[in-house]
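Show me how the following folds:
(4 chains)
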Protein chains: 2
Amino acid sequence: MPKQTFFNLPAAKREQIMAVALDEFGRNPYTRVSVGTIARRAGIAKGSIYQYFEDKKDLYMFLLHQAGEVKLEFLKRHELNWEDFYSGLVSLMLAGTEFELEHPRYARLGYFMLTSPFRDETLIELQQVSKGHLAELVAMARSRGEIRADIPIDLIAFFFSALMMGFGDFIAGRLGLTWEELYTPGALTGLRDVREQLKTATIELVELMRRGMAPTNRS
Amino acid sequence: MPKQTFFNLPAAKREQIMAVALDEFGRNPYTRVSVGTIARRAGIAKGSIYQYFEDKKDLYMFLLHQAGEVKLEFLKRHELNWEDFYSGLVSLMLAGTEFELEHPRYARLGYFMLTSPFRDETLIELQQVSKGHLAELVAMARSRGEIRADIPIDLIAFFFSALMMGFGDFIAGRLGLTWEELYTPGALTGLRDVREQLKTATIELVELMRRGMAPTNRS
DNA sequence: CTATGATATGACCGGTCAGTCATATGACCA
DNA sequence: TGGTCATATGACTGACCGGTCATATCATAG
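As a prediction, this is how the structure comes out:
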């Protein structure tokens, strides 16, 4: 956790520092991010960073935590329609994609997190949140007969997470971009029908998932 | 490409250098791998590395290239049964998993590649190889009526690659290990029924894929 | 005005890094 | 023996890193 000094700061300054940190950690892997650069870009002295945070890791972990909250807020603002499991899935994936396009730095932050020195401890914390949520949804879908009861839950969880995680790459390919380019702010201005293509791709994918998981008599 | 000097070296020395490089790049992300460490562990002077390679990237790219060839050789040695597309897929995935268990450093090398500074150019090169191969298989399966003709090919390619890529994580979970542990040489000695569990998990996953992709009248 | 405690600063420290280069070694031939 | 060319070496360079600390600044209270 940041030191009290950080929270005593004017909100604008706090946000400026975190914005720069997000940009840096969303642009480079952890080890390549320089505390000095963050300080310089934020217009403060390097020593000040160490008035606010214990060390580089403290700043990074706080940033990750904050990113999680922002994304959760975003998803909460989107009313996801879970009346039907698969259309709920479509809306969830669309909202997730929307978030990543609106906040590309957050998307890349999460990506680089996967190879940060704190990968494992971060993932464990993350999974405790998301897996609990997912298990709940899957259990409900099962009880409604929307997912065959003979598919192991862990397989379903893997199925979801693997496809969702790689979805950005797929979308990038469809739009004729690289992953780098897709998450470059402003890369989509000028591209036509982006939202249309996203929706189409998402529906196609979920349909593939639905056929795989749903009871055969449903399709 | 390495300089001619490298290829003039005795095979044993060449292999020693590449073995150390593989271990280092399979243990740390690109930016954390030190040329000096590789030289020291290989028993040569740091300057020699620069007699053999243009720079760090040259060494790294050559290593990746070599890894690809080794894996391709491995898969070629396994006779994959493509009489039926889905059982062929099972055998392909099993062979792939087998390779990663036998050569855990290669598996990790591929993993870290995903966040190397050359991610995109590497992936593009990789896809040109694997996509061509995959497209062929998919086209054949389609003509046999094993895959519905209305599913876009790029979606199928993504479906495969995403599930295959994350499969290691899933397997690790099934075996009660972390990803780290799964790819630690010797971590599996003492574990029971590893091959059985691998086969079961693979079949379960491919069945999920088959249901998603196959024409409905087939199941 | 002064005293006090919180905050800001950037020079500095010890360390690591990729890459260079003058020099040394050794093999081969005349 | 001496000359030539490929190869080996590690000290060195310049840059960058995370983190520290003595000092300066500032706001507030007495």
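
Can you tell me which residue sits nearest the middle of chain A?
Residue closest to the average C-alpha location in chain A (C-alpha atoms, centre = their mean): A:Ala107, at 5.2 Å.

What helices and strands are in contact with whichever helix or strand A:Leu94 is part of?
Assigned by DSSP states H and E, A:Leu94 falls within helix A:85-102. Judged by 3 or more C-beta pairs under 8 Å, 6 or more residues apart in numbering or on different chains; DSSP states H and E, the packing partners of helix A:85-102 are helix A:56-77, helix A:104-113, helix A:119-143, helix A:153-174, helix A:194-213. (Glycine included, C-beta is placed from N, CA and C.)

Please tabulate the ones you listed in TSV, including the columns distance to B:Val20.
TSV is the format used below for the helices and strands packed on helix A:85-102 (distance: least, C-beta to C-beta, whole Å):
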stretch	distance to B:Val20
helix A:56-77	29
helix A:104-113	27
helix A:119-143	24
helix A:153-174	31
helix A:194-213	42
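
any idea of the pLDDT on A:Ala162?
Predicted confidence (pLDDT) for A:Ala162: 90.

Without its sequence neighbours, what residue ends up closest to it?
Leaving aside its chain neighbours, A:Ala162 sits nearest to B:Gly166 (3.6 Å; criterion: C-beta to C-beta, 6 or more residues apart in numbering or on different chains).

can you count the residues close to the one you found?
17 (other C-beta atoms under 10 Å in any protein chain shown).

Roughly how far does it sit from A:Thr37?
With distances taken as C-beta to C-beta, to the nearest Å, B:Gly166 is found 33 Å from A:Thr37.

List just the one of the helices and strands packed on helix A:85-102 that sits closest to B:Ser87.
Nearest to B:Ser87 among the helices and strands packed on helix A:85-102 is helix A:194-213 (17.0 Å), distances taken as C-beta to C-beta.

Return the distance of the closest one from the chain's centre.
Centre-to-centre, helix A:194-213 and its host chain are 19 Å apart (C-alpha atoms, centre = their mean, to the nearest Å).

and what of stretch A:170-178?
Centroid separation for stretch A:170-178 versus its chain: 18 Å, with C-alpha atoms, centre = their mean.

average model confidence for that stretch?
89.

That one close to chain B?
Yes. Applying C-beta under 8 Å from any C-beta of the partner chain, one finds stretch A:170-178 in contact with chain B at A:170, A:173-174, A:178.

related to what we said a few turns ago, can you tell me which of the helices and strands packed on helix A:85-102 comes nearest to DNA strand C?
helix A:56-77 (12.4 Å; C-beta to the nearest atom of the strand).

Can you name every helix or strand that the closest one contacts?
Helix A:56-77 packs on helix A:11-25, helix A:35-42, helix A:85-102, helix A:104-113, helix A:119-143, going by 3+ C-beta pairs under 8 Å, 6+ apart.

let's see it at 6 Å
helix A:85-102 (3 or more C-beta pairs under 6 Å, 6 or more residues apart in numbering or on different chains; DSSP states H and E).

near DNA strand C, which residues of chain A show up?
Residues of chain A lying close to DNA strand C by C-beta under 7 Å from any atom of the strand are A:4-5, A:8-9, A:13, A:44-48, A:50-52.

10 Å instead?
Within chain A, the positions lying close to DNA strand C (C-beta under 10 Å from any atom of the strand) are A:3-10, A:13, A:31, A:36, A:39-40, A:42-52.
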